[in-house]
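>>> From the sequence below, what's the structure:
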Amino acid sequence: TRVVLHGGVCPCCAGRFKAAAPAGLEPGSPFGPNLRAFVLYLRFGQAIPFERLARLLRDLFGLEISEGALANMLQDSAPAFAVQTGLIKQRLLASTVLASDETSVRVGKKTFWTWVFHHAD
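Numbering: from 1, shown residues only. Have a look, this model is predicted:
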């Protein structure tokens, strides 16, 4: 459900106003946590590009969603991952021995490097 809130300028006091959202349709993402988790899994676990992901959601669920909405959904999930990343980093740095490894991956004509850090646990 898309809610469009219109506003305007009062002709008497020249104050600006905006309509309030109906009950239950307040501002925020219309996508629930299950869809968000599914999109995160498909994007990062299965490496499905945005265009194909939008098409997949349309074909499987009849959900018309733009690539921009998918990008926003992933960006809104970033703080939760940042918290977990901080906890993992803190745990790694608390160890007496820290080992690392790098793995290369070729994408197109460019080489990228993935660093992996681990300790005895």
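>>> and the next element down the chain from the longest helix belonging to the chain?
Of all the segments of type helix in the chain, defined by DSSP state H, the longest one is helix 67-93. Counting by DSSP states H and E, the element after helix 67-93 in chain order, helix or strand, is strand 99-107.
>>> So for that following strand, what gets flagged as buried?
Across strand 99-107, burial judged by 16 or more other C-beta atoms under 10 Å covers no residue at all. Using the backbone N, CA and C atoms, a C-beta is placed for each residue, glycine as well.
>>> While we're on A120, how confident is the model there?
On pLDDT, A120 comes in at 72.
>>> what about the longest helix of the chain, distance to the chain center?
Relative to the chain's own centre, helix 67-93 is displaced by 8 Å; criterion: C-alpha atoms, centre = their mean, to the nearest Å.
>>> Could you pull out the buried residues of it?
69-70, 73-74, 77.
>>> Got the phi and psi for R16?
Here is the backbone geometry of R16 (degrees, to the nearest 10): phi -90, psi 150.
>>> Alright, calling it a day.
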